[in-house]
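[1] take a look and give me a structure for this.
(2 chains)
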Amino acid sequence: MKVGLFVPCYVDMFHPETGIATLELLERFGLSVEYPVDQTCCGQPMTNTGCEREAAKTEELFVRNFGKYDYIVTPSGSCTNQVRNNMTAIEQTDAVKHVRSRTYELVEFLHDVLKVDAFPWAEFPHRVALHNNCNTLRNLRIASMSERREEPFSKPKALLGMVKGIEFADLTRPDECCGFGGTFSVFEEGVSAKMGQDKVTDQLRSGAEYVTSSDSSCMMHQEGCARRMGANLKYIHIAQILNGARA
Amino acid sequence: MTAELHEELTDPHGEQLDHGAASSRPLKSRISEPQPRGAKIRGNRPVDQSEAANRFMAATEHEAMHDARLWDLRQKRDKEMHGIEEWEELRNLASGIKEHTLSKLDYYLELFEKNATANGIKVHWAKDGAEHNAIVLEILRSRGVERLIKSKSMLTEECGFREFMAHNNVEVIETDLGERIQQLDDEAPSHVVVPAVHKLRTDVASVFAKTIGSDPDNADAHYLTECQREATRPLILSAQAGMTGGNFVVAETGTFVVCTNESNADLSANTPPLHIASIGIEKLIPGLNELPVFIRLLSRSALGSPITQYTSHFRGPREGGEMHVVLVDNGRSERLGMEKFWPGLKCIRCGACMNTCPVFRRSGGLSYGATYAGPIGLIIDPTFNVHKYRNLPYSSTMNGSCTNVCPVKINIHEQIADWRKTLAGEGEISPVKKVMMKAAGEVLASPVVYRASLPLGRSALRHLPHFMLYNKLNTWGRKRDIPETPKQTFNEWYRRNRKSQGEGENS
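    Predicted coordinates for the structure are as follows:
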């Protein structure tokens, strides 16, 4: 199985440790993982703003970079959603279809494809609040959704539950969007920041020491709000916890 | 003016109930914060929702109340949903029935007209708001009506009905309490179900003090309601005509159904001898067998109550009376022809998407500056005026919660994304967004240019690349800290540590 690692632009730039943890974690399962160095972005900022035409060249580059892999894995559900469900600015050739259907968010990949049942190296004796990105939750269906009448499940919680010592903190509004919303965070800055502050307040109220998520984008926004608010909360990507980060 | 509480409104244990039975949280009553007003409307210029939202959030007591109140409704809705095992099946059915009816709308409309006419109802057809208003005015004038009582209707908001009637010297009295508050304050409804939900009790006290002479310092909900009752009942009793909307129009029986919690539609319809119902053509359902599906979903989705207090069936004029139904198109036929946006016509106006929307709860419904606010508004308003409402589809994080709560399964968040595409395609996008996305698209299409644009080793605040910040005003940093830039990117780490693999043209 040949796996291509996609490290989204903001992870590459601001959270290289998340990319490293993802790579190392996948290698722990004996996979041959490659990172095509000419990768940039999935095209989401443009598509999210409605500028599909402007996303076309970026999408083409993505397919050129990742066409040769059996699976493309990325530590971002939001970018996975873009590739899988919204990469429509370019002609839907076989290569494009292959890339779109083979791109997986890390948690999904571990849970559904590798069917991992243990992380013997992982121990995280902390109180942790889980945040699901809205695309990851409602479009990739990584967990059950509070608005729907469905059997409760959570892939990230199932994986984190295998980590020694971890304790979950419950939020009062676990499914509420944190207000990042991609370009929303800059174009609609006021509402975005208020939603972020409310999310941080909920996290504080839960007694969490750490917040974790399979999406760095939401956490980048939440962490920015938390720091400005002087909130004593730490943000860590789920890949790091599963890879055995000790805090 | 003073008002005595009716005996039955007094709690038997001598305690006053909290802010109506629908709220679980007691709300503070002594707040002097002025009510923030809605979006500034400047002719046909695009409405700036964020500007109005920022003013709403600056009124912190209002924003906190609004968010808590609507979130409470969402939680009650969830509780009701969990009580109905076949909930998701009901949603599928409701969606299917609406899609079926909309796909044969001409047939069902004519069937309704035939059966309603046989019931003694006079059916009128209006292609737009102006025609609707003219038809109603003609009915009223020919019968010498000077005062009309009316129950809440979003359609008449679309038509600018009250303003039109005021110009034509017909007095219109709203019978829904929330809508009456909004009428007295000369403000549009902010929500399709709870039209004054953005107001605190103190705001209502100040509106009533100015308009009906209540005590400005008494913000007790029972007192205020009673004052309104005392002031409005004589007007209701002396009105010569009544108007309602219609939640569901039943084609096979030629009847229509109005759902309220205050029985105000029944007041409007049954007090005067003349009843006019203004109804959008998308409200059709085939038969009475289909009705319970919607009745079970409507109030559970809207308020988290099992059913509205009143579900009134109107079957024809009473003896000596008249009943008219005005079927209004006002853009609906055109919307039905829009490949991506026709499913918006399935909407039953429950407001569940507004209650769950995190942006709506923080912005207030008036910030949208349009008849329909919140998620459903984002996808309907541009069909009325694409230029004026072109910014609205951006007032969303596209989180998808609205789609999940929608009882008729409208794909709201997907349509929001489709609207953004449509607007950008038609040139109805702000130049700032367009320029930035064009630049971002070029940078991200080239590994070399992209790598060269990265700000390593410098202050991120000043040197963040534009495709991350998009906006030269740097809105990210106003209320959030900018992430620190690490010593090296992942890409650099990989080249240093795993160089043998993944060679590229930029190596």
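[2] and the closest residue to residue B:480 other than its chain neighbours, what element?
    In space, and not counting its chain neighbours, residue B:480 is closest to residue A:224: 3.2 Å by Cβ to Cβ, 6 or more residues apart in numbering or on different chains. (C-beta placed from N, C-alpha, C; glycine too.) In this structure, residue A:224 sits in helix A:216-229 according to DSSP states H and E.
[3] the residue nearest to residue B:480 touches residue B:482, doesn't it?
    Yes - judged on Cβ atoms under 8 Å, residue A:224 makes contact with residue B:482 at a distance of 6.9 Å.
[4] the more surrounded of these two?
    For the pair residue A:224 and residue B:482, the greater number of neighbours falls to residue A:224 (23 against 19), based on other Cβ atoms under 10 Å in any protein chain shown.
[5] ok, now which ones touch the more buried one?
    A:196, B:476, B:480-483 (Cβ atoms under 8 Å, 6 or more residues apart in numbering or on different chains).
[6] likewise residue B:60?
    Applying Cβ under 8 Å, 6+ apart, one finds that residue B:60 lies in contact with residue B:33.
[7] then residue A:87?
    A:42-43, A:47, A:59, A:62, A:96, A:99-100.
[8] go again using 10 Å as the cut-off
    A:42-44, A:47, A:52, A:55-56, A:58-59, A:62-63, A:81, A:96-97, A:99-100, A:103 (Cβ atoms under 10 Å, 6 or more residues apart in numbering or on different chains).
[9] those also near chain B: which ones?
    Checking those against chain B by Cβ under 10 Å from any Cβ of the partner chain, the ones in range are A:42-44, A:47, A:52, A:55-56, A:58-59, A:62.
[10] mind picking the two most distant members of the residues you listed?
    For these, the farthest-apart pair by Cβ to Cβ is A:52 and A:62; their separation is 14.3 Å.
[11] between those two, who's got more neighbours?
    Ranked by neighbour count (other Cβ under 10 Å), residue A:52 and residue A:62 place residue A:62 first, with 30 against 23.
[12] how about the more buried one, what does it touch?
    A:6, A:36, A:39-43, A:55, A:72, A:79, A:82-83, A:87, A:90, A:96, A:99-100, A:103, B:444-445 are the contacts of residue A:62 under Cβ under 10 Å, 6+ apart.
[13] which residue ranges of the chain form strands?
    Using chain A here. Assigned by DSSP state E, chain A shows strands spanning A:2-5, A:32-34, A:71-74, A:103-105, A:127-131, A:167-169, A:210-213, A:234-237.
[14] hmm, I had chain B in mind actually
    B:122-126, B:147-150, B:171-174, B:241-244, B:248-250, B:255-260, B:274-280, B:284-285, B:310-314, B:322-328.
[15] which of those sits most buried?
    strand B:241-244 (a mean of 28; mean count of other Cβ atoms under 10 Å in any protein chain shown).
[16] report the contact partners of residue 57.
    In the absence of a named chain, this looks at chain A. A:40, A:43, A:46, A:89-90, B:441-442, B:444-446.
[17] meant chain B, my bad for not saying
    Here residue B:57 is in contact with A:190-191, A:193-194, B:36, B:63-64, B:66-67, B:362-364, B:367 (Cβ under 10 Å, 6+ apart).
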